[in-house]
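Student: How does the following fold in three dimensions:
(chains A, B, C and D)
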Number of protein chains: 2
Amino acid sequence: MNNSSLNRNCVIRLFSYKNALNRLKSLGFIKVFSENLADAVGGNSTQVRKDFSLFGITGNKKGGYVIDSLIESLNSILGKNELYRVVIVGGGNIGTALRNYKGFEKEGIKIVAVFDIDISKQQKTGEVPILPLEDLVGFVAENKIEIGIIATPEAGAQRALDLMLSAGIKGVLNFAPIRLRAGEEIVVNNINLGIELENVIYLVNVMGKQKGLTHHR
Amino acid sequence: MNNSSLNRNCVIRLFSYKNALNRLKSLGFIKVFSENLADAVGGNSTQVRKDFSLFGITGNKKGGYVIDSLIESLNSILGKNELYRVVIVGGGNIGTALRNYKGFEKEGIKIVAVFDIDISKQQKTGEVPILPLEDLVGFVAENKIEIGIIATPEAGAQRALDLMLSAGIKGVLNFAPIRLRAGEEIVVNNINLGIELENVIYLVNVMGKQKGLTHHR
DNA sequence: TAGATTGTTAATCGATTAACAATC
DNA sequence: TAGATTGTTAATCGATTAACAATC
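Tutor: Numbers count the residues shown, from 1 in each chain, chains lettered A, B, ... in the order given. Presented below is the predicted three-dimensional model:
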């Protein structure tokens, strides 16, 4: 664990392994080999073992890995036995979709509130209320929320980040297509939907000329 | 252009440069230095120049780059003077959000139809109709669509991909949290929202111990 | 045991960064 | 010219993969 290769890609792969393991488990499997896991996530078996070894996870020399205990190890490494509460700023298309997205629940992620400047969008009641933006700082501080999602238009994103920061949020997933200015004390992970789609388009165009070039990420 | 470093990250950065340049242009700027561009996308100036050099883009030894011609070069490299038509499979939260997402238009991307198995969601009229899934293959073939988005639940994703493939689609942006089986002849770019958010959570937790570790992607 | 699989070291590969000559 | 900036080569850095000993 003192190893310096605490690498972003590696962590992402750990999450993928965990997802795949849960799927395998629900299919009734008890054990896996590194080879199976590699297939499930589209990697190679050496890398699976290397990733595990980086975090001190070990299996059985011949018998592979016991799924249950592997999931347990991953959960403890990835810090996921708790429920994570998340707020969203921006109640537009993306914000609303994420508010209703079913995929978060089973990962222990709960969207607790959405904030928007547009008063007409307000919904003070309901399981996930939509509140005015000026309530953000108070709400976050009071409920000790650490994670936020920015789903505002480009123009509102920096302000959203600044508010979040001042409220004590420590990590942000940003969907606004702009690079945000932030200090060292906050984690920002950017998803730019336009760029992701354009990237597919570009690769398709390149593929027209060169042969074969499957791209999985 | 015969250089083999035709690298995914590099292409993504080219898209970012283009976005930043459009922004700078709309602010009235005429020229940029590699240093400015690096700031705008959060990179470093050597990398900017290296990326350009890989694609044969040159500037002026002292005067930096003229924004207009730089945008033009990038557009021709990234293949973006055309309008790209895209279909979505899955009319749930994500699919609907993407259908209405404003950010695509200015990138020359147009969502032309959404397909869903749920008949009750159908909307045959309107600018972006929601059609039954069985119309997908015919529609795509007839309109020569090359790019698709999968926004179905996990269970429907592989079928969606197979249908798209058989209809002649060549590139897919996949939001279903599952690794799809596809041949060499199709580009698949996966976005797993759960994993992206979990990654933020993980980094925040790690940051609690280690100091500073801003993460921008 | 023989075969299969893990865990790790060493080699390779690729991407980023530093250094610097060219030149406006 | 002197200073600043580009474009590119070489060095570094990090991540992936290959090889293989350990062993169940």
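Student: check contacts around A:Leu165.
Tutor: When contacts are counted by Cβ atoms under 8 Å, 6 or more residues apart in numbering or on different chains, A:Leu165 touches A:182-183, A:185-186. All C-beta spots, glycine's among them, are computed from the backbone N, C-alpha and C.
Student: Sort out which of those residues are buried, if you could.
Tutor: Among the contacts of A:Leu165, those classed as buried by 16 or more other Cβ atoms under 10 Å in any protein chain shown are A:182, A:186.
Student: Is the longest helix anywhere in chain A in proximity to DNA strand D?
Tutor: If you go by DSSP state H, chain A has its longest helix at helix A:8-26. Yes - residues of helix A:8-26 contacting DNA strand D under Cβ under 7 Å from any atom of the strand: A:9-10.
Student: Per-residue pLDDT of the closest residue to A:Val112 other than its chain neighbours, please?
Tutor: Leaving out its chain neighbours, the residue that sits closest to A:Val112 by Cβ to Cβ, 6 or more residues apart in numbering or on different chains is A:Arg85, at 4.7 Å. A:Arg85 carries a pLDDT score of 97 in this model.
Student: in chain A, which spans are helices?
Tutor: Using DSSP H, the helices of chain A run over A:8-26, A:34-41, A:45-54, A:67-78, A:93-100, A:136-143, A:154-167, A:193-209.
Student: which residues does the one residue sitting closest to the centre of chain A contact?
Tutor: In chain A, the centroid-proximal residue (Cα atoms, centre = their mean) is A:Leu173; its distance is 7.8 Å. For A:Leu173, the contact set (Cβ under 8 Å, 6+ apart) comprises A:147-150, A:189, A:191, B:196-197, B:200.
Student: ok, of those residues, which come out buried?
Tutor: Buried members of those, counted by 16+ other Cβ under 10 Å: A:147-150, A:189, A:191, B:196-197, B:200.
Student: re the thing from before, wait, which of the contacts of A:Leu165 is closest to B:Gly103?
Tutor: When the contacts of A:Leu165 are ranked by distance to B:Gly103 (Cβ to Cβ), A:Ala182 comes first, at 21.2 Å.
Student: And for that closest one, nearest residue in space, chain neighbours not counted?
Tutor: A:Val188 (5.4 Å).
Student: re earlier: which pLDDT value belongs to the residue nearest to the centre of chain A?
Tutor: 97.
Student: List the beta-bridge partners for it.
Tutor: Note on A:Leu173: beta-bridge partners by DSSP bridges are A:Ile149, A:Asn189.
Student: just A:Val32 next, same as before
Tutor: Counting by DSSP bridges, the residues bridging with A:Val32 are A:Tyr65.
Student: what sits against it?
Tutor: A:21, A:24, A:64-65, A:67, A:70.
Student: most surrounded residue in these?
Tutor: Compared across the contacts of A:Val32, A:Tyr65 has the highest neighbour count, 24 neighbours, by other Cβ atoms under 10 Å in any protein chain shown.
Student: residue contacts, it?
Tutor: With Cβ under 8 Å, 6+ apart, A:Tyr65 has these contacts: A:31-34, A:37, A:52, A:59.
Student: 10 Å instead?
Tutor: A:17, A:21, A:31-34, A:36-37, A:48-49, A:52, A:57-59, A:71, A:73 (Cβ atoms under 10 Å, 6 or more residues apart in numbering or on different chains).
Student: got it, and A:Ile191?
Tutor: A:Ile191 touches A:94, A:149, A:173-177, B:191, B:193, B:196-197, B:217, counting by Cβ under 10 Å, 6+ apart.
Student: Pretty sure A:Gly194 sits against B:Asn22.
Tutor: No - applying Cβ atoms under 10 Å as the test, A:Gly194 and B:Asn22 come out as separate, 11.4 Å apart.
Student: Common neighbours of these two, please.
Tutor: B:106-107.
Student: Most tightly packed of the helices of chain A?
Tutor: helix A:93-100 (a mean of 22; mean count of other Cβ atoms under 10 Å in any protein chain shown).
Student: Quick one: distance of that one to the chain centre.
Tutor: Taking Cα atoms, centre = their mean, to the nearest Å, one finds the center of helix A:93-100 at 15 Å from the center of the full chain.
Student: quick check, it touching chain B?
Tutor: Yes - judged by Cβ under 10 Å from any Cβ of the partner chain, helix A:93-100 comes into contact with chain B through A:93-100.
Student: In the strand of greatest length in chain A, which residues are buried?
Tutor: If you go by DSSP state E, chain A has its longest strand at strand A:109-116. For strand A:109-116, a neighbour-count test (16+ other Cβ under 10 Å) marks A:109, A:111-116 as buried.
Student: Could you dump the residues you listed into JSON lines and include pLDDT and distance to B:Leu133?
Tutor: Converted to JSON lines, those look like this (pLDDT from 0 to 100; distance: Cβ to Cβ, whole Å):
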{"residue": "A:Ile109", "pLDDT": "95", "distance to B:Leu133": "29"}
{"residue": "A:Ile111", "pLDDT": "98", "distance to B:Leu133": "29"}
{"residue": "A:Val112", "pLDDT": "98", "distance to B:Leu133": "34"}
{"residue": "A:Ala113", "pLDDT": "98", "distance to B:Leu133": "35"}
{"residue": "A:Val114", "pLDDT": "98", "distance to B:Leu133": "30"}
{"residue": "A:Phe115", "pLDDT": "98", "distance to B:Leu133": "36"}
{"residue": "A:Asp116", "pLDDT": "98", "distance to B:Leu133": "33"}
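Student: tell me which parts of chain A are close to DNA strand D?
Tutor: Taking Cβ under 7 Å from any atom of the strand as the contact definition, chain A meets DNA strand D at A:5, A:7, A:9-10, A:43-44, A:46-47, A:50, A:60-63.
Student: restrict these to those near chain B?
Tutor: Contacts with chain B within the residues of chain A next to DNA strand D, counted by Cβ under 10 Å from any Cβ: A:Gly43.
Student: Nearest to B:Ile169 among the residues of chain A next to DNA strand D?
Tutor: Of all the residues of chain A next to DNA strand D, the one with the least separation from B:Ile169 (Cβ to Cβ) is A:Gly43, at 25.3 Å.
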